[in-house]
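sharing a model prediction with you, sequence too.
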Amino acid sequence: MSDSEFPAEVLGPTPACAEKVFGERLTLAEDYASILSTKGIERGLIGPREIGRIWERHVLNSAVLGEAIPHGARVIDVGSGAGLPGIPLSIARPDLDVILLEPLLRRTRFLDEVSAELGLSIRVVRGRAEDGDIVRSIGGAEVVTSRAVAPLGKLAAWSLPLVKVGGSMRALKGASVSEEIERDAQQIVRSGGGKASVELVGEGVLEEPTHVVVIPRVS
């Protein structure tokens, strides 16, 4: 990937903490951040005002989710969009088996292109989490994750059927997620979920840690 294709001044310098998160795969993370700041914006997957926040708000915020996922897990990223959190997670944690689930064709094409360009071992699937055929074909994951997809109750109804019993959904949410947990408790139970909890990941790395709501599948 040439400097002329993705000018460094558009994105800004790589944060010092990125090396701690990505280690020897930092270059891949830099390439992905550059793709988001150019092709991602050109194709309407990232807002143009997000350029200055791509590292902190999107790439690093997603990658630190790896702190909350066991080694070698099969992970489904529901409503992956521009590949968040699935692609940064796959870069930071190459031991994971990551599937990006996205219903829109233009987005799955983008995800396929990015995966090929970066040489990532991820699978892109076009479909909706609530589709029975999707559940039958890719369900049974140890972890199902998502980011900024839907209110928690609806998200649980989409995500938990894809989780094997004993696994969990681990969704990136805002600081007010505790209110969502209380509000949507009955929907979570109806979807087969157990007691929800909130974990903070990225502490000591990010200025603002990432909130992850964890809901085990119990039935």
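Yes, it's here.

just give me the residue right at the centre of this protein.
For the chain, the residue nearest the mean C-alpha position is residue 85 (1.7 Å; C-alpha atoms, centre = their mean).

give me the sheet partners of the longest strand along the chain and which way each runs.
Criterion DSSP state E: the longest strand present in the chain is strand 163-173. Looking at strand 163-173 with DSSP bridges, its partner strands are strand 141-147 (parallel), strand 210-216 (antiparallel).

and the next helix or strand past that strand?
The first helix or strand that comes after strand 163-173 along the chain, using DSSP states H and E, is helix 177-183.

just the residues contacting that following helix, thanks.
Helix 177-183 is contacted from outside by 151-153, 173, 188, 196, 198, 211, 213, using C-beta atoms under 8 Å, 6 or more residues apart in numbering. Placement of C-beta: from N, CA and C, glycine included.

and the average pLDDT for it is what?
On average, the pLDDT along helix 177-183 is 95.

what of stretch 161-168?
98.

show residues contacting it.
By C-beta under 8 Å, 6+ apart, the surrounding residues in contact with stretch 161-168 are 76, 78, 129-130, 134-135, 138-144, 169, 191-192, 214-219.

also stretch 60-72?
Under the criterion C-beta under 8 Å, 6+ apart, residues 15, 17-18, 21-22, 29, 75, 84-89, 91-93, 95-97, 142-143, 145, 147, 170, 172, 199, 201-202, 205-206, 209-210, 212, 214 lie in contact with stretch 60-72.

three-state assignment of residue 75?
When classified by DSSP: H, G, I helix; E, B strand; the rest coil, residue 75 comes out as strand.

what's near enough to touch it?
Neighbouring residues of residue 75 by C-beta under 8 Å, 6+ apart: 69, 86, 89, 96-99, 141-145.

now render the residues you listed as a markdown table, adding pLDDT and neighbour count.
Output for these, formatted as a markdown table (pLDDT from 0 to 100; neighbours: other C-beta atoms under 10 Å):
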| residue | pLDDT | neighbour count |
| --- | --- | --- |
| 69 | 97 | 21 |
| 86 | 98 | 31 |
| 89 | 98 | 24 |
| 96 | 98 | 22 |
| 97 | 98 | 15 |
| 98 | 98 | 29 |
| 99 | 98 | 21 |
| 141 | 98 | 23 |
| 142 | 98 | 19 |
| 143 | 98 | 25 |
| 144 | 98 | 31 |
| 145 | 98 | 27 |
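
just send the residues you listed back as JSON lines, with distance to residue 44 too.
Output for the contacts of residue 75, formatted as JSON lines (distance: C-beta to C-beta, whole Å):
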{"residue": "69", "distance to residue 44": "29"}
{"residue": "86", "distance to residue 44": "19"}
{"residue": "89", "distance to residue 44": "23"}
{"residue": "96", "distance to residue 44": "28"}
{"residue": "97", "distance to residue 44": "29"}
{"residue": "98", "distance to residue 44": "23"}
{"residue": "99", "distance to residue 44": "23"}
{"residue": "141", "distance to residue 44": "28"}
{"residue": "142", "distance to residue 44": "32"}
{"residue": "143", "distance to residue 44": "28"}
{"residue": "144", "distance to residue 44": "26"}
{"residue": "145", "distance to residue 44": "23"}
